[in-house]
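In: need coordinates for the below:
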Amino acid sequence: MASDRERRIVARPHDVPYASRDELDAAFATHVNRGKVDTYRALGLELTMGERTGVRFRDAFDGTWYLNCHVNGGVFNLGHRNPAVADAVRSALDHLDIGNHHLVSGWRAALAERLA
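Out: Just a heads-up that it's a prediction; the model follows:
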């Protein structure tokens, strides 16, 4: 039988699979990085990315929308959940899988050649 957390993941993947910020912080501190949780709390940064679109995201617990001024990774170029990127990934998943990074890959070679 699926837990409440598992049901939340399947039903609303942009939400957080924890019922409260305190529950999330406790799990993150225990299993990922206690120092990060402690530092953010000390700074008063109680913010958890939930729904994301373009340059904005919504706090998963209080629903407030923010502009993402941190914009790490590809977000500064493409935005969160860019429709063209999402469509390309969905299409690729119909034909490709994650592959194996130890073996020679024609797709990886073609991508590297194209990026060169």
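
In: residue ranges with poor pLDDT in this structure?
Out: The chain contains residues with pLDDT under 70 at 1-14, 71-74, 98.

In: show me the strands in it, by range?
Out: Applying DSSP state E to the chain gives strands spanning 49-53, 56-59, 65-67.

In: just checking, what packs against the first one?
Out: It refers to strand 49-53. strand 56-59 (3 or more C-beta pairs under 8 Å, 6 or more residues apart in numbering; DSSP states H and E). In this view, the C-beta of every residue, glycine as well, is placed from N, C-alpha and C.

In: which strands border the strand it packs on, and is each parallel or antiparallel?
Out: strand 49-53 (antiparallel), strand 65-67 (antiparallel) (DSSP bridges).

In: what residues sit buried inside the first one?
Out: The reference is to strand 49-53. Neighbour-count burial for strand 49-53 flags Gly50, Glu51 (criterion: 16 or more other C-beta atoms under 10 Å).

In: starting at the chain centroid, how far to it?
Out: Relative to the chain's own centre, strand 49-53 is displaced by 9 Å; criterion: C-alpha atoms, centre = their mean, to the nearest Å.

In: kindly report the same for the last one.
Out: Here the centre of mass of C-alpha atoms in strand 65-67, compared against the chain's by C-alpha atoms, centre = their mean, lies 16 Å away.

In: ok, residues contacting that strand?
Out: Here strand 65-67 makes contact (C-beta atoms under 8 Å, 6 or more residues apart in numbering) with Leu47, Val55, Arg56, Phe57, Arg58, Asp59.

In: if we can go back for a sec, okay if I get the strands paired with strand 56-59 as CSV plus distance to Pro17?
Out: As requested, the strands paired with strand 56-59 are exported to CSV (distance: least, C-beta to C-beta, whole Å):
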stretch, distance to Pro17
strand 49-53, 11
strand 65-67, 21
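
In: dump the residue contacts of Tyr40.
Out: Here Tyr40 is in contact with Glu46, Leu47 (C-beta under 8 Å, 6+ apart).

In: nearest to Leu103, of the strands paired with strand 56-59?
Out: Judged by C-beta to C-beta, the one of these that comes nearest to Leu103 is strand 49-53, at 33.8 Å.
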